[in-house]
Structures are given as structure tokens and as C-alpha cells.
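[1] below is the sequence, then the predicted model.
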Amino acid sequence: MANTFSMLRCGRFTLSLDRPLIMGIVNVTPDSFSDGGHFFDAARAVAHGLELVAQGADLLDIGGESTRPGAVPVSEGEELDRVLPVLEGLREARVPLSVDTQKPGVMRAALAVGADMINDVNALLAPGALAAVAASDAAVCLMHKQGEPRTMQVNPHYDDVVGEVRAFLAQRIAAAQAAGIAKERIVIDPGFGFGKNLQHNLELLRQLQALLSLGVPVLAGLSRKSMLGSITGASVEARVHASVAAALLAARKGARILRVHDVRPTREALAVVAAVEGWGA
């Protein structure tokens, strides 16, 4: 498995990429597709994040606005009310804290209280987003999506899904660098399930290595997604095994960050593969 990047500068941290890192998901929303409402209370969300770290999460990703298919946007104020108390409460976790947002105002506020990474499904396209991240030392994840959450799964179309996703991400890397964001701070995400049907998603996973030549780490977010339900017939809550399998496939194809709900099973499966493949501990 090719690995052309050895580290990621991520706010307070410099992360080694000798092995795939696990990003645990902390949704502070009432309507996320998998665990919406389970951790909507800030104290419960903080406790959940700490438990994910105890299970082996290398990073945490805190989200205050659902981006599931059909999701309705929330106001900036509401998103801040959800995210900031959890971000502050998880500082004791001593792992990098990512904030999943596409709003520049939320980015600035989160970075001001210590976010180490911005995970933007909109790839810093919103006016002011590039400047918000460039003014910090945080990492950023630039994701590809086609359309908006409310309508993105209505007949998505590509002539060449891998080529089009790669070209978009190359453009966004260039824009981030031009804005002053060093390449050592950039991660890319092909956006599984964001304006893609099952065949698009499978082709992206099959050819994930095509993104490695862009010279930045790849994040794969496949956990519990509908594509896995389409393949297995399992409900969202019953997709743990399929999610672990998808994460292992992504890791073997070069993904350096795996964004998951189920940290312990993913960590244990990766440990077995690492022992066989000789990945870094």
C-alpha cells in the first residue's frame, strides 16, 4: 500500500500517518442518519467522545448540522450552541478535535476555542471559508459532493466519477494552498454517499488509490452508510460488520484516516491487518 505522506499538521498536534488513523464521530444533532439525537445533550456528547478515545480513536469529529440526504440546514447560532460546549468539554481528551461544518462563522468560532481541524463537506467553497482556515494552524478536510444534502441523492450523474472527483479535489487543494494553507495541513475526502449512487460509490472505493497522486492524505467516510445497506440489506444500526469491512478495504487502498461510528471493532480489525501487513503500530 503506497504511502507518500508521513505526517499531518493538525492544530496542537502533528500526526504520524505510518498507519491508518481512526476518526470517531460525535454527532450533536437530532437528525443525523445513524445516531441522530443519541448525543444531542452536550454532556452526553462529551462522554461519548471520551469513550471513543478510550476505545482507540485517534481523532474526534464533532458535528452540529446533519448533512445526511434530505437534511435541512440549521442556523449558524444553533450550530454554535450545539458544537462549542462539546468542543470545549472534549479538550481533556488530548486528541485532535475536528469540527464538521461548512459555515465560515462556525469555523472561526471553533478555531478560536481550539479546534485542530475543520472537516468541510463544501471543500471551503463558502465565501470566507478559505480565509478562516488559513488564519489558523488547523488541518482541513476538503470533501467532494454533487448537489446539496436536500437533493443530492436525486439521480446523481457522472461521465467519469473517479476522474471528476479527482479533478475537483485537485482544484480545491490548489485553492487552499493559494490561500496560504500548507499542503501538510490538507486532507481530501471523495465524499461517499454525497451525490453518488451505489455504483459511483463502489467505483470510487475500487479506485481510491487514484486520489493518492494528489499528494495529500485521503479520508474515507463509509461508516453505516446507505451503500452498505444496499449491499447487505442491513438496517443502519446493524451495519457494523459491513462498516468495518469497508474501512479495511479503504485502508488497504491507501486511506490514512477512517471516519467511523464503531471505533473498537474498527481498531481491532485494523490491528489484525497491521500485524500481517507490517503497518506502523
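    In hand now; what should we look at? Residues are numbered from 1 along each chain as shown.
[2] neighbouring contacts of the strand or helix carrying Ala54?
    Assigned by DSSP states H and E, Ala54 falls within helix 42-55. Defining contact as C-beta atoms under 8 Å, 6 or more residues apart in numbering, one finds that helix 42-55 is touched by 24-28, 38-39, 60, 62, 82, 85-86, 89-90, 92-95, 263-264, 267. C-beta coordinates here come from the backbone N, C-alpha and C atoms, glycine included.
[3] then stretch 262-269?
    By C-beta under 8 Å, 6+ apart, the surrounding residues in contact with stretch 262-269 are 22, 24, 52, 55-57, 223-224, 240-241, 243-244, 247-248, 258, 260.
[4] biggest helix in this structure by residues?
    For the chain, the helix with the greatest residue count under DSSP state H is helix 161-178.
[5] excluding residues flanking it in the chain, which one is nearest Val86?
    Distances taken as C-beta to C-beta, 6 or more residues apart in numbering put Ala45 closest to Val86, at 4.6 Å, once the chain neighbours are dropped.
[6] now the chain, which segments are flagged as low pLDDT?
    The chain contains residues with pLDDT under 70 at 1-4, 31-40, 69-71, 149-154, 280-281.
[7] and the helices in it, which stretches?
    Per DSSP H, the chain carries helices over the ranges 42-55, 76-89, 104-112, 129-134, 161-178, 198-206, 226-232, 240-252, 263-277.
[8] export the ones you listed as JSON lines, with columns for mean neighbour count and distance to Glu148.
    Listed next are the helices of the chain as JSON lines, based on neighbours: other C-beta atoms under 10 Å; distance: least, C-beta to C-beta, whole Å:
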{"stretch": "helix 42-55", "mean neighbour count": "18", "distance to Glu148": "26"}
{"stretch": "helix 76-89", "mean neighbour count": "19", "distance to Glu148": "16"}
{"stretch": "helix 104-112", "mean neighbour count": "21", "distance to Glu148": "17"}
{"stretch": "helix 129-134", "mean neighbour count": "22", "distance to Glu148": "16"}
{"stretch": "helix 161-178", "mean neighbour count": "17", "distance to Glu148": "15"}
{"stretch": "helix 198-206", "mean neighbour count": "18", "distance to Glu148": "17"}
{"stretch": "helix 226-232", "mean neighbour count": "17", "distance to Glu148": "17"}
{"stretch": "helix 240-252", "mean neighbour count": "20", "distance to Glu148": "25"}
{"stretch": "helix 263-277", "mean neighbour count": "16", "distance to Glu148": "29"}
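[9] same list (those helices) but as JSON lines, adding distance to Leu219.
    Formatted as JSON lines, those follow (distance: least, C-beta to C-beta, whole Å):
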{"stretch": "helix 42-55", "distance to Leu219": "16"}
{"stretch": "helix 76-89", "distance to Leu219": "19"}
{"stretch": "helix 104-112", "distance to Leu219": "17"}
{"stretch": "helix 129-134", "distance to Leu219": "16"}
{"stretch": "helix 161-178", "distance to Leu219": "11"}
{"stretch": "helix 198-206", "distance to Leu219": "13"}
{"stretch": "helix 226-232", "distance to Leu219": "16"}
{"stretch": "helix 240-252", "distance to Leu219": "9"}
{"stretch": "helix 263-277", "distance to Leu219": "14"}
